[in-house]
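Asker: Sequence and predicted model, in that order:
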Amino acid sequence: MKFPERKIELKDGRTCILRPNAPDLAEEMLEYLKKTSAETPFLLRNPDEVRYTLEDERRILADLLENPYVIMMAATVDGKVAGNGSISGIGDKRKICHRCSLAIALYEEYWGLGIGTAMIGYMTELAKEVGWHQVDLEVVAENKQAQALYKKCGFIETGRRHHALLFDDGTYHDEILMYKDLKEMN
């Protein structure tokens, strides 16, 4: 989905640009996917599972940019990718087409600067414009920092998926299910 860039001031005074993720960022995105996966165990992918070629990533980003039902947002600081977020529809069946799903990750060096809050705010505004009524997400139960961010952004915990994730060390981890009602947004 194409949408207007938005500039925000970070807590450290720098400027961050929230923009559509696009093929021009493909090389940086491949590095971002690998590095963020290594920085935290709370993402769904492991670094070795990032197997896209540069051409694959360019094609994926080009396709998503043209899809009016996928919001793929990059956050850049000083011309460099700091994070990425997305919202996409749950499905096209009438009973679920009112719902979408959110995912977000930032490089660790950008945590706590206000980027996540701004990205979630802008992505949920865009989701409401698309016509979705509800944003869903899942977060690893041990990821208290992300849960606090989501609650700050208006998400409510609705349940738990037990043993949803199996880490490489053999441990199981639950997911907390959360949602935000977009009908209540101004």
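Answerer: Good, I have the coordinates.
Asker: immediately after the top helix by length along the chain, which helix or strand?
Answerer: The residue-count maximum for a helix in the chain (DSSP state H) belongs to helix 115-130. Heading C-terminal from helix 115-130, the first helix or strand you meet, by DSSP states H and E, is strand 134-140.
Asker: packing partners for that following strand?
Answerer: strand 99-106, helix 144-152, strand 156-166, strand 172-181 (3 or more C-beta pairs under 8 Å, 6 or more residues apart in numbering; DSSP states H and E). In this view, the C-beta of every residue, glycine as well, is placed from N, C-alpha and C.
Asker: Pairing partners for it, with directions?
Answerer: strand 99-106 (parallel), strand 172-181 (antiparallel) (DSSP bridges).
Asker: by how many degrees do the last one and helix 144-152 diverge?
Answerer: Which is strand 172-181. Going by axes from the mean of the first three to the mean of the last three C-alpha atoms, to 10 degrees, strand 172-181 is angled at 20 degrees with respect to helix 144-152.
Asker: what angle separates strand 172-181 from helix 115-130?
Answerer: 50 degrees.
Asker: which residues are contacting strand 172-181?
Answerer: Identification of contacts with strand 172-181 by C-beta atoms under 8 Å, 6 or more residues apart in numbering yields 124, 133-142, 147, 150, 153-167.
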